[in-house]
Each structure stands twice: as C-alpha cells, then as structure tokens.
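1. any chance you could fold what I've pasted below:
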Amino acid sequence: MDEKNSSRMTSLGTQTTPGGWISFAADPAQKERCLARLREAELGPDNQPSDCAAGGMHRFSDELGMPETLAVVIDVLCWLRQSEGKISARAQAIGLIEAIPVGVDLGTVSQSYAHWLLHDTQWGIAQYCATEPLRALAARLKALHGQELAGLAIDDSEWPVLELDTPLETGAADEEDGRHLEDLLASFATPLQKIDVEQMGRLCGAVAYFSGEQARSDFWTDSEQRQMDDLYGAFCVSTEQILGPRPPPQQAAELKDWIRHEQALDVAWEKQMRQQQLQLWRRWDAWGEKQAALYAAFNGAAVDLILSLFRQAPRRDVFAPGQQLH
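-> Next up, the predicted model:
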C-alpha cells in the first residue's frame, strides 16, 4: 500500500460506520503500526500504553478505531497486571492490543466491562453495599443497565436520582470507604453508554481498590497502618534533611541523582526497621501476600473478560471508494 492510501486508511479510524466503530480502520497494517510503536516505547506515568500505541496523547480513537474509554481499561489493566510481578506493563499492553481483531466494532466493550465492574457478584462494587438503601439502589441500577445492554429503550425518568443532601447509610466499617461507595453508585445512575473517560478511570480504580481490601481486617489493622505511616513519615523527613528537597522534573539530571540516593536510603531504612519492628513487618508481609493474591485474582478475571469481549465483537464490512476493507 502506498503512503497516500496508508494515510487515508489510517484516518478512517476516526470515523464510525452506521453500525459503530471500526478497529484499526479495518487495516491489518494499521494494527501493526500501533504494535510497533508500543514495542519501541518507554512506558511511564506520563506515557501510558494506550498513548504509546496511538503515537501520542488524545489519538487513541483516531489510530485504533475504538472509544477512548477502552484506552483507560487497557492502561489500568496493564499497570495492575504488572503489580503481580509476573509480566511487564508493556508485555501486557502488547498482548491486549494483539488480541483485538481487525475490523470489528468495539463500541460496546467498555459498556459491558463497566457493567461487570459495577454488578459482578464476585468483583463488582455492588457487593460491598451493606445496607438496604444502598442494596436497593445497586439492584435498581443493575436492572436498568441490564436492559440497556439488551438493547431495550429506557426513559430518562426511570434512572434513580440520589439527593446530595440526603446521604445513604452505607454500613461500611470505614466511613470514608462508605462515602466513596455511595458517591460511585450515585455517579453511575446513568446509562452505561454515557460513561466518559474520567468516570471509567474512577470506576476501574475503585473496583481494584475494593478488591485488594477484602479480608484486610484479618491481616492488618488500622492501628498497625498508623504505626507504619508514622515510621515512614519520619523516614521521609530525615531523607529531605539529608538530601535536601526533591528537585523538580525540569532538573532531570539532579532529580535522577536524588532518586538514586533516596532509594539507597530507603533500602537501608527498611533493613533497620525490619530488625527493630520485627512483628510489625511480619504482619505487613503477610497482608502484602494476601493483597497480592487478591489483585492477581481480580486482574486475571478482568483480563479474561476483556479478551472474551474482544473475541465476541461484531465484524464490520467497510467500503471505501474502489476498495473493500476487511
């Protein structure tokens, strides 16, 4: 394919057919370009996997032919999966992009994934509703979201409205977690198709957080957490006294050197604390192992689901002047 046609084909990623989105503009070469960018990229907090595949920020829909909300899903799964220590974020991202078929409509994948995050009996946030008002709200939303995914029309008046000045009794042991849960459910009293990038990111992060907090009280108490926080806070103060303030990002060389010294101090401090606070650290390690297992189980289920949704996505036949794309 010549450069002119390649450019034209790539630009199709910004468009949708009457039936929906078209992954990679139905062009296998476009998929390979996205994968090549990802393989060559250096990922980081300011260089997300989806941006790397797209060749820049805010280009995901244009280059990959799918909703921006799916970029959030891919990015979160990559970083969470990396926390297992068995796969890098890059490897996970490459695997996910490779699994996306060419020329399919992924327009509803994010909606189905959001439904799972909200309502799945094992991982969804609705399971944490401990009082009748919250359970009733979650049940109502599940019914409406199910109707939406089934293609049924829903009148706007059917969506529940939670008055901000009449908070629900959450029943959560942690009041902050309870209010967080209430706010989440209230913000998703809306059609799944209206979920934007910010909401999707918030939902993905919240479900991962709640998944990792299961059974915490059996392993790690609030008082132990405060003790650990105090110890680390004292370390941070002493580090700044020794090294001076952390240099700003603009001073790249100085910042790199500061971080190197800070990491060395951190290693030495933890070694000392593990000797002085032996029981606390044993408890911390036990909770860390349990939390890692919870994250791994959630990540595995989430990745399996998204791969299944990719495989089930409907294929779109796209016609360009004088050429049929497959």
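
2. let me know the pLDDT of the residue nearest the centre of the chain.
-> By C-alpha atoms, centre = their mean, the chain has its centre lying nearest to V76, at 2.7 Å. Reported pLDDT at V76 in the predicted model: 93.

3. so it is in which element?
-> Assigned by DSSP states H and E, V76 belongs to helix 68-82.

4. would you map the helices across this structure?
-> Using DSSP state H, the helices of the chain run over residues 3-11, 28-40, 49-54, 60-64, 68-82, 89-99, 109-119, 132-149, 175-187, 197-212, 222-243, 252-276, 278-312.

5. ok, which of those comes nearest P160?
-> P160 lies closest to helix 132-149 among the helices of the chain, at 5.5 Å (C-beta to C-beta). Bear in mind the C-beta positions are built from the backbone N, C-alpha and C, glycine included.

6. what's in contact with that closest one?
-> By C-beta atoms under 8 Å, 6 or more residues apart in numbering, the surrounding residues in contact with helix 132-149 are 108, 111-112, 115, 118-119, 126, 129, 154, 158-160, 162, 168-171, 181-182, 185-186, 188-189, 191-193.

7. now those residues: which count as buried?
-> Burial by neighbour count, 16 or more other C-beta atoms under 10 Å: within those this picks out 108, 111-112, 115, 118-119, 126, 129, 168, 170, 181-182, 185-186, 188, 192.

8. so which of the helices of the chain is nearest W21?
-> helix 60-64 (8.1 Å).

9. before we move on, back to that, hey, least reliable of the helices of the chain by pLDDT?
-> Looking at the helices of the chain, the bottom one is helix 3-11 with a mean of 36.

10. coming back round to it: other SSEs contacting the helix holding V76?
-> Contacts defined by 3 or more C-beta pairs under 8 Å, 6 or more residues apart in numbering; DSSP states H and E place helix 68-82 against helix 49-54, helix 60-64, helix 89-99, helix 109-119, helix 197-212, helix 278-312.

11. list the helices and strands the longest one packs on?
-> Using 3+ C-beta pairs under 8 Å, 6+ apart, the elements in contact with helix 278-312 are helix 68-82, helix 89-99, helix 109-119, helix 197-212, helix 222-243.

12. could you list the buried residues of the longest one?
-> Going by neighbour count (16+ other C-beta under 10 Å), the buried part of helix 222-243 is M228, F235, T239.

13. buried ones in stretch 192-206?
-> Neighbour count says stretch 192-206 has L192, I195, Q199, M200, G201, R202, L203, C204, A206 buried, by 16+ other C-beta under 10 Å.

14. model confidence score at the second one, please.
-> At I195 the predicted local distance difference test score is 95.

15. OK, contacts around it?
-> T69, S110, Q111, A114, F188, L203.

16. next one: the first one
-> Neighbour list for L192: S110, Q111, A114, H115, H145, E148, L149 [criterion: C-beta under 8 Å, 6+ apart].

17. circling back: would you turn the helices of the chain into TSV with distance to I22?
-> As requested, these are exported to TSV (distance: least, C-beta to C-beta, whole Å):
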stretch	distance to I22
helix 3-11	11
helix 28-40	10
helix 49-54	15
helix 60-64	10
helix 68-82	13
helix 89-99	16
helix 109-119	13
helix 132-149	21
helix 175-187	30
helix 197-212	20
helix 222-243	48
helix 252-276	40
helix 278-312	14
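
18. with adjacent residues omitted, what lies nearest to T69?
-> S110 (4.0 Å; C-beta to C-beta, 6 or more residues apart in numbering).

19. quick check: that neighbour vs S308, distance?
-> Using C-beta to C-beta, to the nearest Å, S110 is found at 14 Å from S308.

20. those two: which is more packed in?
-> Between S110 and S308, S110 has the larger neighbour count (other C-beta atoms under 10 Å), namely 24 against 12.

21. quick check, the more buried one in contact with M200.
-> Yes - counting by C-beta atoms under 8 Å, S110 touches M200, with 6.5 Å between them.

22. quick check: neighbours shared by the two?
-> The contact lists of S110 and M200 share T69, V73, where a contact means C-beta under 8 Å, 6+ apart.

23. for the closest residue to W258 other than its chain neighbours, give me its contacts.
-> Leaving aside its chain neighbours, W258 sits nearest to P247 (5.5 Å; criterion: C-beta to C-beta, 6+ apart). Going by C-beta under 8 Å, 6+ apart, P247 touches E254, L255, W258.

24. adding neighbour count, write these out as CSV.
-> What follows is the contacts of P247, written out as CSV (neighbours: other C-beta atoms under 10 Å):
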residue, neighbour count
E254, 13
L255, 14
W258, 17
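
25. JSON lines for these, including distance to S88?
-> JSON lines is the format used below for those (distance: C-beta to C-beta, whole Å):
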{"residue": "E254", "distance to S88": "28"}
{"residue": "L255", "distance to S88": "23"}
{"residue": "W258", "distance to S88": "25"}
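
26. good, wrapping up.
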